[in-house]
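Engineer: Next comes the sequence, and after it the predicted model I'd like to discuss.
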Amino acid sequence: MSDKQYNIYSLFQARFPENTSAIFIETADGTEYSYAYLEQETARIAHFLTRQGLQKGDRIAVQVEKSPHVLFLYLACLRAGFIYLPLNTAYTKTEISYFLENAEPSIVVCRTESSQLFSEIKNKNLKHIFTLDLNEQSGLIKQSRSTAAEFETVACDTDDIAVILYTSGTTGRPKGAMITHGNLAANGIALQKAWGWQQGDVLLHALPIFHIHGLFVACHNVLLGGSKMLFLEKFDSKTVVQFLPKATVFMGVPTFYTRLLDEENFNRTTCQNMRLFISGSAPLLEQTFDDFQQRSGHTILERYGMTETGMNTSNPLQGKRIAGTVGLPLPGVEARIVDENNQIVKNNSVGILQVKGDNIFKGYWRMPEKTAEEFTEDHFFITGDMAQYNEQGYISIVGRNKDMVITGGYNVYPKEVELLLDETKGVKESAIIGLPHKDFGEAVTAIVVPDDMNNPPNVDKLKKLLKEQLASYKTPKKIIFIEKLPRNTMGKVQKNILRETYNALYK
Ligand code: AMP
């Protein structure tokens, strides 16, 4: 459904608290930014950017450290109808060169220390490079100060692109997912209702804001609820324990939760004002779910989504939250699980997860063919995740399709083996990968993090234990112990790195 008089910022604005002196952001040092400040600051930045001669739909690439002003810059881009393009601060020059060449932004906003690097990269569209550092008294923020503190939000079609987010993509070049104003609104409203965001809620924000999790899921819920955020520069378990008593909601990747459990001071008193802990972006181990429940008295709510789709499913706010599942499809999202012939599979059978709804992105930037490949004829998006439904309609994610191991012609879903390994005494966590093998094509291989690296479990006993519970083709041919699994900033295990590292194991 298309609406030409639309801009997601106007939706946020309509939900701001009536009293705009209410606080939107409080930082760790106690600096407060009200909703009124948000309005004025985003107006100033929107004016400043517009004056640089940009047209609606032009791209603004942003690679800076997390601060409230980055968020104001993001909201200003929405207001002015520009496309916001956040870049992970860890990206190197080679990666950035690709993004600039592909997205052709008109403006780059970066840290002072990297402005030289950006100026060396060729990009025929680029008009200006502005800096934005943690010190707001310089660069873009200072330059915007002289402009007016009111700005008429630009009307957008629901189908207009609001943000381009490059997906991490373990194979091939990263793809720019085009996310529209309509996508953000549909998903934002669904989540705000599902998780009961309201005025009086205080989110403890410790996620990065160059990814959907920290930017959309976290910040949009706060804006749509007219709520407040305690805004931390990064996740640090001690700081989180210190600030949790002032919060009502926390969002994290599973690693945040395991780190919190490592903190001695984390207990029921820390969580006395909390109403909700949410986890996503990577699978939450059942062990973490249980340990967290015991220690804090809170049941983590796990949800599932991806850059291209926003959030698709969630465990319920009221009702049973089931460990190892990502809950039920959100209102407005159709989720089906199919076999290779696109036929719906039975409950408890694994298949390919496909989703449809107003939350699904518009396509990959300048890649129409790649976009077409990822949609079915009846317009479902093929997520690339393998999943199954249970009888109650809850979905479990079994792993990425491309992580599935095919050994001697049989399919092995890594999760099934990982779950068994993770339950075993002496095993902290594990990752199952397929490695090239001349007889089997791929050999099931377990990479295991033991509780104690100096005293890992006995390999033969471990294999025997697995063999008792699994078909023999699913049992790992080899088990390798390592100190920790490689993860990206969002806590996802980077199986591609493991596959590269151990590529020659059976050669
Ligand atoms: P990204 O686009 O970086 O957000 O990554 C999306 C991918 O993360 C999904 O396709 C899933 O493979 C994975 N993912 C996200 N949330 C979960 C979850 N709760 N459980 C398991 N995998 C998840």
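Structural biologist: All right, it came through fine.
Engineer: okay, which residue is most central for this protein?
Structural biologist: Nearest residue to the geometric centre of the chain (CA atoms, centre = their mean): H213, 3.7 Å.
Engineer: now the helices for the stretch 151-300 of the chain?
Structural biologist: For the stretch 151-300 of the chain, the helices defined by DSSP state H, counting those that start in this stretch occupy 181-194, 212, 221-225, 237-243, 254-261, 286-296.
Engineer: which element follows the helix ranked longest in the chain toward the C-terminus?
Structural biologist: Secondary structure of the chain per DSSP state H: the longest helix is helix 35-50. Beyond helix 35-50 on the C-terminal side, the first helix or strand identified by DSSP states H and E is strand 59-63.
Engineer: who in this structure is up against the ligand?
Structural biologist: Proximity of the chain to the ligand, by CB under 6 Å from any ligand atom, involves residues 167-168, 212, 280-283, 302, 304, 306-307, 326, 383, 385, 397, 400, 490. Using the backbone N, CA and C atoms, a C-beta is placed for each residue, glycine as well.
Engineer: D422 contacts L285, doesn't it?
Structural biologist: Yes. Counting by CB atoms under 8 Å, D422 does reach L285; the two are 6.0 Å apart.
Engineer: Name the residues contacting each of the two.
Structural biologist: Taking CB atoms under 8 Å, 6 or more residues apart in numbering as the criterion, D422 and L285 both touch E429.
Engineer: excluding its backbone neighbours, what's nearest A43?
Structural biologist: F151 (3.6 Å; CB to CB, 6 or more residues apart in numbering).
Engineer: one step back: quick check: which of the helices of the stretch 151-300 of the chain is buried the most?
Structural biologist: Stretch with highest mean neighbour count among those: helix 212 (a mean of 29; mean count of other CB atoms under 10 Å).
Engineer: Report the mean confidence score over it.
Structural biologist: For helix 212, mean pLDDT rounds to 95.
Engineer: what do you get for stretch 109-129?
Structural biologist: 91.
Engineer: in it, what's buried?
Structural biologist: Neighbour counts over stretch 109-129 (16 or more other CB atoms under 10 Å) mark 109-111, 114-115, 117-118, 121, 123, 126, 129 as buried.
Engineer: Nearest to A28 among the residues you listed?
Structural biologist: Closest approach to A28 among the buried residues of stretch 109-129 (CB to CB): R111, at 19.7 Å.
Engineer: give the contact list for the closest one.
Structural biologist: When contacts are counted by CB under 8 Å, 6+ apart, R111 touches 63-65, 89, 131-133.
Engineer: hmm, 7 Å instead?
Structural biologist: Shown in contact with R111 (CB atoms under 7 Å, 6 or more residues apart in numbering): 64-65, 131, 133.
Engineer: Would you mind checking the residues you listed for buried ones?
Structural biologist: Counted by 16+ other CB under 10 Å, those give 64, 131, 133 as buried.
Engineer: Am I right that N221 is in contact with W197?
Structural biologist: Yes. Counting by CB atoms under 7 Å, N221 does reach W197; the two are 4.8 Å apart.
Engineer: and F12, that one's in a strand?
Structural biologist: No. If the criterion is DSSP: H, G, I helix; E, B strand; the rest coil, then F12 is helix and not within a strand.
Engineer: That one touches N221, doesn't it?
Structural biologist: No. F12 is beyond contact range of N221, at 10.8 Å (criterion: CB under 7 Å).
Engineer: which of the contacts of R111 sit farthest apart?
Structural biologist: Most distant of these, by CB to CB, are E65 and T131, 11.4 Å apart.
Engineer: Mind picking out the helix or strand in the chain with the poorest mean pLDDT?
Structural biologist: One helix or strand of the chain scores below all others by mean pLDDT, DSSP states H and E: strand 410-412, with a mean of 82.
Engineer: buried set for that one?
Structural biologist: Under 16+ other CB under 10 Å, the buried positions of strand 410-412 are V412.
Engineer: partner strands of that strand, parallel or antiparallel?
Structural biologist: strand 405-407 (antiparallel) (DSSP bridges).
Engineer: Now the strand it pairs with: average pLDDT?
Structural biologist: So the average pLDDT for strand 405-407 ends up being 87.
Engineer: same thing with stretch 23-38?
Structural biologist: Here the average pLDDT along stretch 23-38 is 98.
Engineer: contacts for that stretch?
Structural biologist: By CB under 7 Å, 6+ apart, stretch 23-38 touches 16-17, 20-22, 68, 72, 75, 228-232, 239.
Engineer: could you say which helix or strand contains the residue nearest to N348 when sequence neighbours are not counted?
Structural biologist: Distances taken as CB to CB, 6+ apart place Q388 nearest to N348, at 5.8 Å, with adjacent residues excluded. Per DSSP H and E: Q388 is located in strand 381-389.
Engineer: Kindly report the same for F24.
Structural biologist: Here F24, judged by DSSP H and E, is contained in strand 23-27.
Engineer: now E483
Structural biologist: Using DSSP H and E, E483 sits within no helix or strand.
Engineer: Neighbours of it, how many?
Structural biologist: A total of 8 residues lie near E483 under the criterion other CB atoms under 10 Å.
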